[in-house]
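Colleague: Build the 3D model from these lines:
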Amino acid sequence: MTPLGHKIRSIRAEKNISLKEMAEALNVSSAYLSALEHGKRGKPTWFLLQRMIGYFNIIWDEAEELQRLAEISDPKIYIDTAGLAPEATELSNRLAQKINSLSVEDLVFLNAEIVKRGKLK
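Modeller: Numbers count the residues shown, from 1 in each chain. Below you'll find the model as predicted:
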């Protein structure tokens, strides 16, 4: 599941909206929405994301959060380390090889550390 998929599912549950109801309202298939929630599909288009924001009737900070989550929710990424330090290639490869064996706590820690050290948002 992607961060965006998790958030969409949480909002649907909070508002007691079924996948089918949401799909019909957005004019997409329920299979697509399910795949989006489960990380089987990449991030939605900007247009669909705006329709979701409108459908959920969310504004300001929560809408910005949904947009931020969409940006970091591509389940199939490619990291180009060409021209970077060898440590960047090593880190990328180790993460690719080991990510499925890391605990949620490890992932939270590593993510926070990367954000802190990279001064990312």
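Colleague: pLDDT score assigned to residue 121?
Modeller: Listed pLDDT for residue 121 reads 51.
Colleague: Look at residue 25 and tell me its secondary structure.
Modeller: Per DSSP: H, G, I helix; E, B strand; the rest coil, the local secondary structure of residue 25 is helix.
Colleague: What count of nearby residues applies to it?
Modeller: Using other C-beta atoms under 10 Å, residue 25 is surrounded by 13 other residues. All C-beta spots, glycine's among them, are computed from the backbone N, C-alpha and C.
Colleague: and what of residue 64?
Modeller: By the measure other C-beta under 10 Å, the count of residues near residue 64 is 12.
Colleague: Ok, residue 9 next?
Modeller: Residues near residue 9, counting by other C-beta under 10 Å: 17.
Colleague: how far out from the middle of the chain is stretch 10-22?
Modeller: How far stretch 10-22 lies from its chain's middle: 18 Å, per C-alpha atoms, centre = their mean, to the nearest Å.
Colleague: for stretch 77-94, that is, sorry about that
Modeller: For stretch 77-94 - counting by C-alpha atoms, centre = their mean - the centre lies 22 Å from the chain centre.
Colleague: How far does that stretch stretch from one end to the other?
Modeller: This stretch, stretch 77-94, spans 15 Å end to end (C-alpha to C-alpha, to the nearest Å).
Colleague: go on, stretch 19-38?
Modeller: Using C-alpha to C-alpha, one end of stretch 19-38 lies 12 Å from the other.
Colleague: Could you tell me the average pLDDT over it, please?
Modeller: On average, stretch 19-38 scores 95.
Colleague: Next: stretch 83-103.
Modeller: Across stretch 83-103, the average pLDDT comes to 95.
Colleague: buried ones in that stretch?
Modeller: Neighbour counts over stretch 83-103 (16 or more other C-beta atoms under 10 Å) mark residue 92 as buried.
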